[in-house]
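**Q** Sequence first, then the predicted structure:
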Amino acid sequence: MRLLIVEDEPKSAAFLREGLGEAGFNVDVAEDGVEGRFKALHMDYDLIILDAMLPGLDGWSLLRELRSNGKSVPVLFLTARGEVTDRVKGLELGADDYLVKPYAFTELLARVRALMRRRGARQPDVLQIADLTVDLLGRRASRGEARLDLAPQEFALLSLLARRQGEVLSRLVIAEQVWDMNFDSDSNVVDVAVRRLRRKVDDPFPVKLIHTVRGMGYVLEAR
Ligand code: CA
């Protein structure tokens, strides 16, 4: 398994190279966005760990170029705490997962392994669940012929649920992926957001796709 790390901070890059190397991965490092782009476009990797803030070419631009060049390699995006809109932007540009700095290495490793497992069933840029279409690149969603009018964060939430369709996502995972926050377990921020999303995605239509799994979270699937 071959990984590319695009990270300009030497200590972080060395730490990742060592940790992932010990975990059995073959690791390549690019120290800026330009080198990262060259390697990502010309070599084959099973996964790219991409820092957002990079000299030369930033992570979002690099990600956009990869996807527009048809490179579907999974990308784990690294952003700094607080860059909420940046993270939403990354999701919309086709990142497969996020991690917020500072992160625990064990969590990064778990996510890398999860992405690798999903790689076999690599998803296309346009997801179809029943009559729901989620265009991850075009940032559009529709049900049948009806275009859904979604705010950026609603789209981010919907695309997270759609990318992991059939998988029950806990409120914690949703909060972390969409808002970069660790809400208290009794916080209802996620519930409020899901309710709002349902009003647009499910309420006007006979077939409901977003389901509540009591005590666990939410799942998007055609039942
Ligand atoms: Ca950086």
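**A** Everything's here; your move. Residues are numbered from 1 along each chain as shown.

**Q** The ion contacts on the protein?
**A** 8, 51, 53 (C-beta under 5 Å from the ion). In short, each C-beta sits where N, CA and C put it, glycine included.

**Q** gap between the two ends of stretch 179-188?
**A** Using C-alpha to C-alpha, to the nearest Å, the end-to-end distance of stretch 179-188 comes to 13 Å.

**Q** what does stretch 156-170 give?
**A** Terminal-residue distance, stretch 156-170 (C-alpha to C-alpha): 16 Å.

**Q** Could you measure from residue 20 over to residue 27?
**A** To residue 27, residue 20 is 5 Å away according to C-beta to C-beta, to the nearest Å.

**Q** If you could redo that for residue 40, that was the one I meant.
**A** For residue 40, the distance to residue 27 - C-beta to C-beta - is 14 Å.

**Q** do residue 33 as well
**A** Taken as C-beta to C-beta, the span from residue 33 to residue 27 is 18 Å.

**Q** In terms of neighbours, single out the busier of the two.
**A** Shown here are residue 33 and residue 27; by other C-beta atoms under 10 Å, residue 33 has more neighbours (24 against 20).

**Q** now the helices: where do they sit in the protein?
**A** 10-22, 33-42, 59-68, 84-93, 105-119, 152-163, 171-174, 189-201 (DSSP state H).

**Q** Now the weakest link among the ones you listed, please, by mean pLDDT.
**A** Mean pLDDT values for these show the minimum at helix 84-93, a mean of 72.

**Q** ok, now how distant is residue 1 from residue 44?
**A** 11 Å.

**Q** tally of neighbours for residue 189?
**A** Residue 189: 15 neighbours (other C-beta under 10 Å).

**Q** Pretty sure it sits against residue 179.
**A** Yes. Between residue 189 and residue 179 there is a contact at 7.2 Å, judged by C-beta atoms under 8 Å.

**Q** burial count for the closest residue to residue 164 other than its chain neighbours?
**A** The spatial neighbour of residue 164 that comes closest, neighbours along the chain excluded (C-beta to C-beta, 6 or more residues apart in numbering), is residue 220 at 7.9 Å. By other C-beta under 10 Å, 27 other residues sit near residue 220.

**Q** Perfect, that will be all.
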